[in-house]
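# Here is the input, now give the coordinates:
(one chain, ligands or ions: 1)
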Amino acid sequence: MEKHLLLSFDDFEFIVITCSHCHSKIQLALKSELYRPAGAPFAPTHCSICGAHIDLSLELLERFHSICQALAKLKEKVTLQVRAVD
Ligand SMILES: [Zn+2]
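Numbers count the residues shown, from 1 in each chain. Down below sits the predicted model:
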């Protein structure tokens, strides 16, 4: 029997992006502004480890962050169902 997890957007804590240059994993906190300087955008333009340009759609990351923040307020009213890995 396949198992599923039911996740609220409030459960999401980080988006993890991978630098295509040095392959470092960069965590972007969805809930906390503590990890960013005041006024800084959610999505970084450069890798914090090697300084390479982040070649992802930063606009999409910014929009996803905004959507997650809005949907997190709805708690269990809007959820994602994902397949659980054994
Ligand atoms: Zn890098």
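# chain center to the host helix or strand of residue 5, what's the gap?
Assignment of secondary structure by DSSP states H and E places residue 5 within strand 4-8. Strand 4-8 sits 17 Å away from the centroid of its parent chain (CA atoms, centre = their mean, to the nearest Å).
# strand partners of that strand, parallel vs antiparallel please.
Sheet pairing of strand 4-8 (DSSP bridges) gives strand 79-83 (antiparallel).
# So what's the gap between the strand it pairs with and the chain middle?
Counting by CA atoms, centre = their mean, strand 79-83 comes out at 16 Å from the chain centroid.
# hmm, back to that, the next helix or strand after the strand holding residue 5 and the ion in contact?
Downstream of strand 4-8, the next assigned helix or strand under DSSP H and E is strand 14-18. No. Using CB under 5 Å from the ion, we find that strand 14-18 stays clear of the ion, coming within 8.7 Å at best. Quick note: C-beta positions are derived from backbone N, CA and C, even for glycine.
# How far does the next helix or strand along the chain from strand 14-18 sit from its chain's centre?
Moving toward the C-terminus from strand 14-18, the next helix or strand (DSSP H and E) is strand 25-29. Here strand 25-29 is found 7 Å from its chain centre; the criterion is CA atoms, centre = their mean.
# try stretch 12-29
Distance, centroid of stretch 12-29 to centroid of chain: 8 Å (CA atoms, centre = their mean).
# Pull out the buried positions in that stretch.
Using 16 or more other CB atoms under 10 Å as the test for burial, stretch 12-29 gives 12, 15, 17, 19, 26, 28.
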